[in-house]
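K.L.:
generate a structure from the sequence data that follows.
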Amino acid sequence: MYRRVMHDAQGNLSYQPYGKDNQAIYSVSRAGLNRTLLTLAEAEPGIRLHFNQQCVGLDARTRQLELRDAATGQEQQLTFRRLFGTDGAFSAVRSALQKTERYNYSQSYLEYGYKELNIEPGPDGEWLLEKNALHIWPRGQYMMIALPNLDGSFNCTLFFPYEGEHSFASLQTPAQVQAFFEQVFPDVVPLMPELTDEYFRNPTGSLVTIRCFPWAFDDDVLLLGDASHAIVPFYGQGMNAGFEDCTVLNQLMAQHGDDWHAIFSQFQAQRKPNADAIADLAVYNFEEMRDRVGNPRFLLQKKIESKISAQYPDQWTPLYSQVTFSHTPYAEAWQSGREQEQIMARLMPHIQTESDYDRPEVQEMVQQEMAKRG
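P.N.:
Reported below is the predicted structural model:
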């Protein structure tokens, strides 16, 4: 997907590219990716896979793990030497670590939930919206997005307050849902003939950010992925952050060999600041997507930022590009992005149109700002 396509309440479209030239983000099937990873894991001679096993207990001090077979209900206790907890946002491994001394943990829910909806392919299997784009219906306090699939369909997600005038609580009947969508998302309603059935059939999901520390217990247990840093989905970086965990862990294993104390301590020291940064960035991007992308001044600012980046490529990479199209650590990107936002706050009062960027006085201001950045 090369760009965002914003749909206003009258069905008018505006556009925002994600990056330069052919830079794109990807809409990937999580199930398909999981199958691919499992196939690769099965090919490794040192790996054995056991399915339907639930972690129901862990004693980190004695290195005892209790598993229950979800199909048979049979339980077994295993002794481990080293355990990697990658069991998701509501991790049983982390829950056990929370009982250890001086363990920090927090969870924060947004006042929003989400509901999955669908746009089916056209009569000949074609996409009914632009296929190489992320579609957003920004409405200030809520929004809907649509992501393309290879089969011509789109997965849509409504991000909506739980309570309030426009909320899940206020839409209780098919007629209310139909009327609301026709008023607020008029251009998409003809593409969703099963709208009301899907709305009431599909569950409402919650949006949580989880932070904890430490991620390691001695050199015996280490948390990775959502188990240590679950985030809301608005930067599309949750799974990537987990893959980054694996990359850093792999690098540290190559560097330190069997010194697991060094591996675990350096891993959490490196990754924790970046996990906190992408958690903050994800919430920030939610506010941008649901509200600011519908503001002409915001879209103008993004065009000006692109011009600055083209003129000063070594000194200015937009925040989104730093996060999505580079290996810049999340914490560094977030700090840089906040500095850029301060610069734009100083520049934008002097810019009313895209052509204003070329005015000598604006160019002088930009040059001064770039000189400060070094």
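
K.L.:
show me where the stretch 201-350 of the chain has its strands.
P.N.:
For the stretch 201-350 of the chain, the strands defined by DSSP state E, counting those that start in this stretch occupy 204-213, 216-217, 221-223.

K.L.:
what is the second one packed up against?
P.N.:
Secondary structure elements in contact with strand 216-217, counted by 3 or more CB pairs under 8 Å, 6 or more residues apart in numbering; DSSP states H and E, are helix 260-290. To be clear about C-beta, it is placed using only N, CA and C from the backbone, and glycine gets the same treatment.

K.L.:
pipe the strands of the stretch 201-350 of the chain into TSV and attach mean pLDDT per row.
P.N.:
Compiled in TSV, those are given as follows (pLDDT from 0 to 100):
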stretch	mean pLDDT
strand 204-213	98
strand 216-217	98
strand 221-223	99
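
K.L.:
how about G374, nearest residue that isn't a chain neighbour?
P.N.:
Nearest non-adjacent residue to G374, counting by CB to CB, 6 or more residues apart in numbering: Q315, 7.6 Å away.

K.L.:
again but with Q322, I slipped
P.N.:
A333 (3.8 Å).

K.L.:
does I119 touch M192 like I think?
P.N.:
Yes: I119 is within contact range of M192, at 6.0 Å (criterion: CB atoms under 8 Å).

K.L.:
anything in contact with each of the two?
P.N.:
Shared contacts of I119 and M192 (CB atoms under 8 Å, 6 or more residues apart in numbering): C156.

K.L.:
ok, these two, which is more surrounded?
P.N.:
Neighbours were counted for I119 and for M192 using other CB atoms under 10 Å; I119 has more, 23 against 20.

K.L.:
and the pLDDT for that one?
P.N.:
Note on I119: pLDDT of 97.

K.L.:
please determine how far it is located from P148.
P.N.:
To P148, I119 is 9 Å away according to CB to CB, to the nearest Å.

K.L.:
what touches both of these two?
P.N.:
The contact sets of I119 and P148 overlap at 129, 154 (CB under 8 Å, 6+ apart).

K.L.:
kindly list the longest strand within the protein.
P.N.:
strand 104-119 (DSSP state E).

K.L.:
tell me the buried residues in that strand?
P.N.:
Within strand 104-119, the residues that count as buried by 16 or more other CB atoms under 10 Å are 110, 112-115, 117-119.

K.L.:
stretch 129-146 now?
P.N.:
So for stretch 129-146, counting by 16+ other CB under 10 Å, buried means 129-130, 133-139, 141-146.

K.L.:
could you identify the most distant pair in those?
P.N.:
E130 and Q141 (25.7 Å; CB to CB).

K.L.:
any regions of the protein where pLDDT drops low?
P.N.:
For the chain, applying pLDDT under 70 flags no range at all.

K.L.:
so where do the helices sit in it?
P.N.:
For the chain, applying DSSP state H gives helices covering 30-42, 92-97, 174-184, 195-201, 226-229, 238-256, 260-290, 296-311, 319-324, 330-347, 360-373.

K.L.:
output the contacting helices and strands for the shortest one.
P.N.:
The criterion is 3+ CB pairs under 8 Å, 6+ apart, and the helices and strands that helix 226-229 contacts are helix 92-97, strand 204-213, helix 238-256, helix 260-290.

K.L.:
quick one: that helix to chain centroid distance?
P.N.:
Centre-to-centre, helix 226-229 and its host chain are 13 Å apart (CA atoms, centre = their mean, to the nearest Å).

K.L.:
with stretch 136-152 instead?
P.N.:
14 Å.

K.L.:
between the buried residues of stretch 129-146, which is nearest N202?
P.N.:
M144 (13.4 Å).
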